[in-house]
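> Let's see this in three dimensions:
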Amino acid sequence: MDWHLLGISFITVFLAEIGDKSQLAAIALSGSSKSPRAVFLGTIAALLLASFLGVIAGEGVAVLLPARLLKAIAAIGFALIAVRLLWPDTDVQEDLEEKP
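Okay, the predicted model is just below:
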């Protein structure tokens, strides 16, 4: 097992998940529940399952498609998202202009 990769993955996911909506849901559920341990175990199980499915799906896609094609698809996807975020939405601007 590559311990360095394990550590980097853990730190990255841990930092990304702090303040995430799953954390807020766990806080809300544990505050109103009589069994915070059950909320903790359910939250951990859900996060593990979601991560496991993500790894399995990522490996499956990596086996089917070459790395260069995956990088190109990711780059195009991020570029489209960037253009969409920067492109002004005329419907929203018209709605804002109509409201007093």
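> Can you pull out the low-pLDDT segments for the protein?
Within the chain, the segments meeting pLDDT under 70 span 19, 90-100.
> Tell me where the longest helix sits in it.
helix 36-64 (DSSP state H).
> Toward the C-terminus from that one, list the very next helix or strand.
Scanning forward in sequence from helix 36-64, with DSSP states H and E defining helices and strands, the next element found is helix 67-86.
> rewinding a little: angle of the longest helix of the chain against helix 67-86?
Using axes from the mean of the first three to the mean of the last three C-alpha atoms, to 10 degrees, one finds that helix 36-64 and helix 67-86 are set 120 degrees apart in direction.
> SS state for residue 88?
Following DSSP: H, G, I helix; E, B strand; the rest coil, the label given to residue 88 is coil.
> That one: neighbouring residues, count only.
Residues lying near residue 88 (other C-beta atoms under 10 Å) number 7. (C-beta placed from N, C-alpha, C; glycine too.)
> do the same with residue 56
For residue 56, which is what you asked about, the neighbour count (other C-beta under 10 Å) is 10.
> Next: residue 33.
Close neighbours of residue 33, defined as other C-beta under 10 Å, add up to 13.
> Having no further points to raise, I will conclude here.
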